[in-house]
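Student: Fold the following.
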Amino acid sequence: MDYREYQIQKEQEFEGRCLRCGNCCGLQDDPCVNLDKQADGRYSCNIYESRAGIQKTRSGREFKCVLIREVLHQDWPKAWNCVYRKSI
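Tutor: Residues are numbered from 1 along each chain as shown. Next up is the predicted model:
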């Protein structure tokens with residue numbers, strides 16, 4: 001396996017841990033307009049691949065969407081439930 005394949009594999013493993021609870025996207029407070037509830041009850045971002053940057057919440061507030069690893073040290077409603085937070 002070359003380094004690029006290794007990176008892809010590790011990213012898939014990291015992404016696969018997510019419970020898709022929606023809490024890091026504001027579900028418990030003022031959710032992002034791009035957060036959608038799926039048929040299985042989990043949540044996903046409808047612009048996930050291009051999400052980084054300025055986005056809006058459902059109330060119209062602008063915020064900067066960042067990768068989860070950049071905010072793991074911060075608090076948000078129900079952060080204790082985040083599988084990534086539990087791993088650090």
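
Student: Now residue 19. Nearest residue, chain neighbours left out?
Tutor: residue 83 (5.4 Å; C-beta to C-beta, 6 or more residues apart in numbering). C-beta coordinates here come from the backbone N, C-alpha and C atoms, glycine included.

Student: my bad, should have said residue 37
Tutor: Counting by C-beta to C-beta, 6+ apart, the residue nearest residue 37 is residue 43, at 5.7 Å.

Student: residues near the one you found, how many?
Tutor: Using other C-beta atoms under 10 Å, residue 43 has 20 other residues around it.

Student: returning to that earlier point: what values do phi and psi take at the residue nearest to residue 19?
Tutor: Comment: the main-chain dihedrals of residue 83 come out as phi -60, psi -30, following degrees, to the nearest 10.

Student: With just CA atoms, put the biggest helix by length in the chain into PDB.
Tutor: If you go by DSSP state H, the chain has its longest helix at helix 3-16. Taking C-alpha atoms only, helix 3-16 is exported to PDB below (Å, rounded to 0.1, in the frame of the first residue of the first chain):
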ATOM      1  CA  TYR A   3       1.200   6.500   1.300                       C
ATOM      2  CA  ARG A   4      -1.800   8.000  -0.600                       C
ATOM      3  CA  GLU A   5      -3.800   4.700  -0.200                       C
ATOM      4  CA  TYR A   6      -2.800   4.700   3.500                       C
ATOM      5  CA  GLN A   7      -4.100   8.200   4.000                       C
ATOM      6  CA  ILE A   8      -7.400   7.400   2.300                       C
ATOM      7  CA  GLN A   9      -7.800   4.300   4.400                       C
ATOM      8  CA  LYS A  10      -7.200   6.200   7.600                       C
ATOM      9  CA  GLU A  11      -9.600   9.000   6.600                       C
ATOM     10  CA  GLN A  12     -12.300   6.400   5.900                       C
ATOM     11  CA  GLU A  13     -11.700   4.800   9.300                       C
ATOM     12  CA  PHE A  14     -11.900   8.200  11.100                       C
ATOM     13  CA  GLU A  15     -15.100   9.100   9.200                       C
ATOM     14  CA  GLY A  16     -16.600   5.700   9.900                       C
END
